[in-house]
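Engineer: What follows is a predicted structure for the sequence shown.
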Amino acid sequence: MKLELITLGNKPPGWVSEGVEEYRRRMPRECSVTVTALTMARRGKRVDVMKVKEQEAQKIMGASQPDAYRVVLDVRGRIWSTEELARKMNRWLADYPLVQFVVGGPDGLTDQVVDQADAVWSLSRLTFPHFLVPLMIVEQLYRAWTLTQGHPYHRN
């Protein structure tokens, strides 16, 4: 199974990119993680937020693979424990060649993108800096994988 993180955003700080790369490197070949970074639509003082979200939705749909299991990150989603994520990863490993995780822009995702998802996941009810979310996702994927393997990392 391949895992792909599709993100919309500006270039993150170097330490975030380094963290993402560290956890990507730790993942085993059978659960490799790739990151597809899409550029956000332009924003200005008088921007129509719905128009921006529609433009970003088109980019996301263009990057989505039809045979992939798609997990959208959205505040309206379910909060999963690490154990739940590990169980889901085991099922995905058995059932899907590709799982895509979609992180929208700072204004969120259109209902269309959320409605077409196979699962909607919320990391928390808290608000996090947008650039930090990819690092959090990749770390949680690594943590879930180590849990399935009986690796001690999860206890850290």
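Structural biologist: Arrived safely.
Engineer: tell me how far the lowest-mean-pLDDT helix or strand in the chain is from the chain's mean position?
Structural biologist: When each helix and strand of the chain is scored by mean pLDDT, DSSP states H and E, helix 49-63 comes last, with a mean of 92. Computed by C-alpha atoms, centre = their mean, to the nearest Å, the chain-centroid distance of helix 49-63 equals 16 Å.
Engineer: next one: stretch 88-96
Structural biologist: Put simply, stretch 88-96 sits 16 Å off its chain's centre (C-alpha atoms, centre = their mean).
Engineer: Kindly report the same for stretch 20-27.
Structural biologist: 14 Å.
Engineer: Could you check the angle the lengthiest strand in the chain makes with helix 49-63?
Structural biologist: Criterion DSSP state E: the longest strand present in the chain is strand 69-78. Computed by axes from the mean of the first three to the mean of the last three C-alpha atoms, to 10 degrees, the angle separating strand 69-78 from helix 49-63 equals 150 degrees.
Engineer: List the buried residues in whatever helix or strand comes next after strand 69-78.
Structural biologist: On the C-terminal side of strand 69-78, the nearest following helix or strand under DSSP states H and E is helix 82-95. Neighbour-count burial for helix 82-95, counted by 16 or more other C-beta atoms under 10 Å, picks out 85-86, 88-89, 92-93. Where C-beta positions appear, they are placed from N, C-alpha and C, glycine not excepted.
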